[in-house]
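Q: whatever this is, show me its structure:
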Amino acid sequence: MEDQVKQSRTKWFLVVASFAVLMTVSGCAKKQTPPPPPPVVQGPGDEELFAQNVKDAFFDYDKYDIRADAQQALQADAQFLAQHPNIRFTIEGHCDERGSTEYNLGLGDNRANAARNALVQAGVSADRIKTISYGKEKPFCTQSNEQCWQQNRRAHITAAP
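A: Modelled structure (predicted):
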């Protein structure tokens, strides 16, 4: 009977030892680390969005009143700027090459201020806006024809740094 008890204890010991070894081995198995999260894809920044959404307002020859197409462009600009209240910007007044430098500086100033006033009336805070006139000094197009001159008669809006 003593042999049976010894055999029984030995079997029991082997079962417990096997279980302990099995638990130790499975507990020591390398845990798989989860994969890193996918990189965060950032959308375009404010500068890129500004360039994509804010459009120039164009003017007729020797005029600074806001045309219907310019009013639409400025309305769309105001909507974008309302969604981005931290963006400060400058409105540049430009003219075509005809007329004196002094006259065109004054006309460019009037154009920049007309665009500014339209944006302020549309709800854009005036303290975000600077204006400057370049007159005919910084043409967008350098050819001497009506199509080119039309591109130069504008209020160009740029994001302030």
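
Q: quick one: low-confidence ranges for the protein?
A: Along the chain, the parts satisfying pLDDT under 70 run over 1-31, 40-43.

Q: what are the ranges of the strands in the chain?
A: 57-58, 89-94, 129-135, 154-159 (DSSP state E).

Q: and the contacts of the second one?
A: Counting by C-beta atoms under 8 Å, 6 or more residues apart in numbering, the neighbours of strand 89-94 from elsewhere in the structure are 50, 54, 81, 107-113, 115-116, 119, 128-136, 138-140, 152-160. In this view, the C-beta of every residue, glycine as well, is placed from N, C-alpha and C.

Q: make CSV from the strands of the chain and add distance to Tyr64 and mean neighbour count to it.
A: Output for the strands of the chain, formatted as CSV (distance: least, C-beta to C-beta, whole Å; neighbours: other C-beta atoms under 10 Å):
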stretch, distance to Tyr64, mean neighbour count
strand 57-58, 10, 22
strand 89-94, 8, 23
strand 129-135, 11, 18
strand 154-159, 9, 22
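
Q: may I have the distance across stretch 92-101, first residue to last?
A: 16 Å (C-alpha to C-alpha, to the nearest Å).
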